[in-house]
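1. Sharing a model that was predicted from the sequence below.
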Amino acid sequence: MTTTSPRRVLITGLNGYIAAHTAAVFLQAGYVVRGTVRRARTPNVESVVRALKPYHDGNRLEVVEVPDMGTDGAFDHAMKGVQAVAHLASPVSMTETDAAPMMRAAVQGTTSLLASALAESNRSSPLRSVVFMSTISAIFSPGRPAGHVFTEADWNDAAEAEMQRLGRKTPGYVVYQASKTAAERAFWRFADESRPRFGMVALCPAPVLGPPLYLPTPVSSLSMRVRDIYNILSGGPVPAFDSPVRSTFVDVRDVAELVLRAVEQDLLRAKSVAGAPDPVQIQGGEREDSGYTRERYLLVGQSGVSPQAMAEVLREGFHELRNVIRQAGESGDATTLEGLAATWGFSSNKAGRLLGREWTGFRQSVLESARAVLQAGRE
């Protein structure tokens, strides 16, 4: 009797918040996960390897070092023999004001990976799917008129222009938005120019929340929304509601599941496209009738939320900490900008159809995130 070898997926930035959950989902689905890290012998990499042990039988997690993902050929070795790639590694900083390093790392990391994927696919490899983790910040642009509903067809056309105008005075969050937008544009430009014979999907999640698989060192490197919970539970100020993007959220487990669903959609579709013509040019990330996936998804599990709502959920859910958790607006540390949140809308119907179930709700995500953070603090 013959046995079928498990499929292998490459996940970049394995020790990242979303990547760790994505690895768990693929391991549970029976895949071999090959995860890239900059250096293998670090506390955070050791922590994520331990956290993933319950999700596999002990021999389906591979860790490979990619010290500088922006160099040519950085992913050549890691790419060998994989059926799918989830490119989740990206420089993330909301305080960095020197745009050049972040822009270079985000764009060159993406183009380097795609070049390795193209070379591997040209060698008749099993590679059939590349999923790129973008962000809602590559979609949202404040120049849209009131009442506009953002979808996958929209692009942030303001961040890069603002960065060029302000130079070294550019706020960190604008640098982040510009780098992610530039990286996703490079992703789709590669699709247009190289016409690879594998599916390409970009996921654009809202600010992500949900219980981390492990607490990183230092704790300040937690993802933005989970760090907010950690700080609020510690008696810190409730963050100001200073952007309409803060009125949206998606749970990390939903994001991870959508990576898997995007990959499996590609792998299933690949079975029927042997000998298909080269992909034609995409239009706004939509799939053309070429047999190869070209899709862009906006991921918003719930809108109309805020840091203030997060604080209220925590006060209601953890009565023993009510004297520690500040009330929203206390000491002038938070401002509710209801008009800002109501100006625009966000539609994630397309991603919802791919997910195939209800999105995880904000209250559930907040409470489960808080429990995970508190439990980790006791260990």
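-> Arrived safely, thanks for sending.

2. Name the nearest residue to Gly30, sequence neighbours excluded.
-> Excluding the flanking residues, the one nearest Gly30 by CB to CB, 6 or more residues apart in numbering is Pro6, at 5.5 Å. Yep, even glycine has a C-beta here, placed from its N, CA and C like the rest.

3. what number of residues lie near Gln302?
-> Using other CB atoms under 10 Å, Gln302 has 20 neighbouring residues.

4. Sorry, slip of the keys, the one I care about is Arg294.
-> 22.

5. roughly how far apart are it and Val45?
-> 33 Å (CB to CB, to the nearest Å).

6. And Gly317, by the same measure?
-> 32 Å.

7. Tell me which of the two has more neighbours.
-> Val45 (18 against 15).

8. ok, that one touching Thr36?
-> No. Counting by CB atoms under 8 Å, Val45 stays clear of Thr36, with 10.4 Å between them.

9. Which neighbours do the two have in common?
-> Common neighbours of Val45 and Thr36, using CB atoms under 8 Å, 6 or more residues apart in numbering, are 14, 63.

10. Starting from the least confident helix or strand in the chain by mean pLDDT, tell me the next helix or strand along the chain.
-> Scoring the helices and strands of the chain by mean pLDDT, DSSP states H and E places helix 338-342 at the bottom, with a mean of 53. With elements assigned by DSSP states H and E, the helix or strand that comes after helix 338-342 is strand 345-346.

11. Could I get the average pLDDT for that next one?
-> For strand 345-346, mean pLDDT is 92.

12. Just checking: what are the partner strands of it?
-> The strands beside strand 345-346 in its sheet (DSSP bridges) come out as strand 149-150 (parallel).

13. Would you mind identifying the next helix or strand past the partner strand?
-> Note on strand 149-150: by DSSP H and E, the next helix or strand toward the C-terminus is helix 159-166.

14. Just the C-alpha atoms of that following helix, please, in CSV.
-> This file holds the C-alpha atoms of helix 159-166, laid out as CSV (Å, rounded to 0.1, in the frame of the first residue of the first chain):
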residue,chain,number,x,y,z
ALA,A,159,0.6,57.4,2.6
GLU,A,160,3.5,57.3,0.1
ALA,A,161,2.7,60.9,-1.0
GLU,A,162,2.6,62.0,2.6
MET,A,163,5.9,60.3,3.3
GLN,A,164,7.6,62.0,0.4
ARG,A,165,6.2,65.4,1.5
LEU,A,166,7.3,65.1,5.1
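
15. which strands and helices sit next to that helix?
-> helix 172-194 (3 or more CB pairs under 8 Å, 6 or more residues apart in numbering; DSSP states H and E).

16. Doesn't Pro145 lie inside a helix?
-> No. Pro145 is assigned coil when assessed by DSSP: H, G, I helix; E, B strand; the rest coil, not a helix.

17. Show the backbone phi and psi for it.
-> phi -70, psi 160 (degrees, to the nearest 10).

18. my guess is Val238 contacts Gln308, does it?
-> Yes. Contact criterion CB under 8 Å: Val238 and Gln308 qualify, at 5.9 Å.

19. which one of those two has more residues nearby?
-> Val238 (27 against 19).

20. mind checking pLDDT for that one?
-> 90.

21. Begin at 210, not 1, for the rest of this chat.
-> Let's use 210 as the start, then, which means that last one is Val447.

22. So it: helix, strand or coil?
-> Val447 - assigned by three-state DSSP - is coil.

23. What distance do you get for it to Asn440?
-> Distance, Val447 to Asn440, using CB to CB: 9 Å.

24. ok, now Thr552?
-> 27 Å.

25. what do you get for Ala314?
-> 27 Å.

26. for Gly225, phi and psi?
-> Per degrees, to the nearest 10, the backbone of Gly225 is at phi -80, psi 160.

27. I appreciate the help and will end here.
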